[in-house]
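# predicted structure and sequence below. I'll ask about it afterward.
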Number of protein chains: 2
Amino acid sequence: MANQIPRIIIGRLPLYLRAITRLKKEGHDYASSHELGKLLDISAAQIRKDLSHFGELGKRGKGYEIEFLISKLNQILNTDDVWRIIVIGAGDIGSGLARYKGFINRGFKVSAIFDIDPQKIGKKIGDLVVKDLGEMEAYITSNQIQIAVLAIPAENSQDVIDDLVKAGITAILNYAPIYLKAPEGVQIEHIDPSVHLQKLSYFLK
Amino acid sequence: MANQIPRIIIGRLPLYLRAITRLKKEGHDYASSHELGKLLDISAAQIRKDLSHFGELGKRGKGYEIEFLISKLNQILNTDDVWRIIVIGAGDIGSGLARYKGFINRGFKVSAIFDIDPQKIGKKIGDLVVKDLGEMEAYITSNQIQIAVLAIPAENSQDVIDDLVKAGITAILNYAPIYLKAPEGVQIEHIDPSVHLQKLSYFLK
């Protein structure tokens, strides 16, 4: 059943989770779809429709109980526990991700970082020591890693993806500015700053 | 009129542009909404509806002429020329953005990077030399910069935003993991890897 919900709706759930977590920090107990909509630039009707796929999560006239909705969304998104993830590439972006303190509250922990460059292998980044890319497949298998972040130049990405998938990775967050082919059953998400900049430039003169 | 088109539609236009640019590179002259939809996991009907806001861009039975749609989308998104943008923060992410070669074909060029850390000021990153954050406002004014990328720790972000806006910045791409308040008329986009990871983890067991 879960798979019948359009990906575009799934993509909005983390935004809802982030927004209500903010409202919780600000001391709110309930959030209306209108409040959420204003924070997110999404219509209240759309938010209600999206969330209605997962049961009756709100109360008429009161809105969503924040504590309950946070726990429900974490359950839906499988982030009520912490996923160990790996980062491929110890360049600027990879290093930033390895040092980033914000993952742990959102359901993720970088457990290893890999590179192919002998000058980077063995270097300490945050709490991690850069591992040789040659150890990647064994690491994935023995630690049952399912999620990898790709932060390497575009030209090397497709080979690495193939190795990742062979080793058992089923979800990839890609920072390389290219389209990547993944086999059936492997999810890929792209982070592409140009896409966001183009949305911004639309509004400029 | 432009402002009446929902932001959520504007947000999809850069994805359409990226996808048809890919199809062009692969040698295609025409793209159907079905082909685009398959690349993007967006329904063909949604794509047709989104693009219909901007005139009759496709031909029945033939689809969209790629060259024409690329030029049209660049015109709509204001990326038919190159915007000079600035990066605030010369840490891992800021350095990665300053070195990134992928902006220029998408309508952007990092023209300066700023930091507050004396150890970073004067350091060379790619073709740029890190400038003192104290020079930021003068630089924005004299170079008529409108777009800034924020790549600094969350706790310092709100002060910097206020300074950016005072100096004339009207569009901000934010990598800091917090919500930021911007005055009326200033656009903010957030890049938050946790949001993408949570979308991925939905599909995992």
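Looks like it came in fine. Numbering: from 1, shown residues only, chains lettered A, B, ... in the order given.

# element containing A:Tyr137, please.
I think there's a mix-up here, since residue A:137 is Glu and not Tyr. helix A:136-143 (DSSP states H and E).

# could you confirm whether the longest helix along chain A reaches chain B?
Looking only at chain A and at elements set by DSSP state H, the helix with the highest residue count is helix A:7-25. Yes. Residues of helix A:7-25 contacting chain B under CB under 8 Å from any CB of the partner chain: A:7-8, A:10-11, A:13-15, A:17-18, A:22. Backbone N, C-alpha and C define where each C-beta goes, glycine included.

# how close does the closest residue to A:Leu15 other than its chain neighbours get to A:Phe114?
Sequence neighbours aside, A:Leu40 is the residue nearest to A:Leu15 in space, at 5.6 Å (criterion: CB to CB, 6 or more residues apart in numbering or on different chains). In this view, A:Leu40 and A:Phe114 are 35 Å apart by CB to CB, to the nearest Å.

# who has more neighbours, the two?
Regarding A:Leu40 and A:Phe114, a neighbour count based on other CB atoms under 10 Å in any protein chain shown identifies A:Phe114 as having more, with 24 against 17.

# returning to what we had before: determine which two of the residues of helix A:7-25 next to chain B are furthest apart.
A:Arg7 and A:Arg22 (24.3 Å; CB to CB).

# A:Lys166 is in contact with A:Thr141, correct?
No. Counting by CB atoms under 8 Å, A:Lys166 is not a contact partner of A:Thr141; they are 10.0 Å apart.

# what residues are up against the spatially most central residue of chain A?
With the centre of chain A defined as its mean C-alpha position, the nearest residue by CA atoms, centre = their mean is A:Leu173, 7.0 Å away. By CB atoms under 8 Å, 6 or more residues apart in numbering or on different chains, the contact list for A:Leu173 reads A:147-150, A:188-189, A:191, B:193, B:196-197, B:200.

# just the buried residues of the top strand by length along chain A, please?
Secondary structure assigned by DSSP state E gives strand A:108-115 as the longest strand of chain A. Going by neighbour count (16 or more other CB atoms under 10 Å in any protein chain shown), the buried part of strand A:108-115 is A:108, A:110-115.

# give me the next element, helix or strand, following it.
Beyond strand A:108-115 in the direction of the C-terminus, DSSP H and E gives the next helix or strand as strand A:124-125.

# for that next one, which strands pair with it and how are they oriented?
strand A:128-129 (antiparallel) (DSSP bridges).

# average pLDDT for the strand it pairs with?
When pLDDT is averaged along strand A:128-129, the result is 98.

# could you spell out the sheet neighbours of the helix or strand that that strand is followed by, each with its direction?
Beyond strand A:128-129 in the direction of the C-terminus, DSSP H and E gives the next helix or strand as strand A:131-132. Within its sheet, strand A:131-132 is paired with strand A:108-115 (parallel), according to DSSP bridges.

# got the angle between the strand it pairs with and helix A:136-143?
With axes from the mean of the first three to the mean of the last three CA atoms, to 10 degrees as the criterion, the two stretches strand A:108-115 and helix A:136-143 enclose an angle of 150 degrees.

# helices along chain A, start to end?
Assigned helices in chain A, in chain order: A:7-25, A:33-40, A:44-52, A:66-76, A:92-99, A:136-143, A:154-167, A:193-202 (criterion: DSSP H).

# between those helices, which gets nearest to B:Val82?
B:Val82 lies closest, by CB to CB, to one member of the helices of chain A: helix A:193-202, at 10.3 Å.

# quick one, domains of chain A?
Chain A resolves into domains spanning A:2-76, A:83-194 when parsed by automatic domain parsing.

# which intervals of chain A have sub-threshold pLDDT?
Applying pLDDT under 70 to chain A flags residues A:1-3.

# cutoff 80 now
A:1-3, A:154, A:177-182, A:205 (pLDDT under 80).

# follow-up on the earlier one: turn the helices of chain A into a markdown table, columns for distance to B:Gly55.
What follows is the helices of chain A, written out as a markdown table (distance: least, CB to CB, whole Å):
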| stretch | distance to B:Gly55 |
| --- | --- |
| helix A:7-25 | 24 |
| helix A:33-40 | 29 |
| helix A:44-52 | 25 |
| helix A:66-76 | 39 |
| helix A:92-99 | 38 |
| helix A:136-143 | 49 |
| helix A:154-167 | 33 |
| helix A:193-202 | 16 |
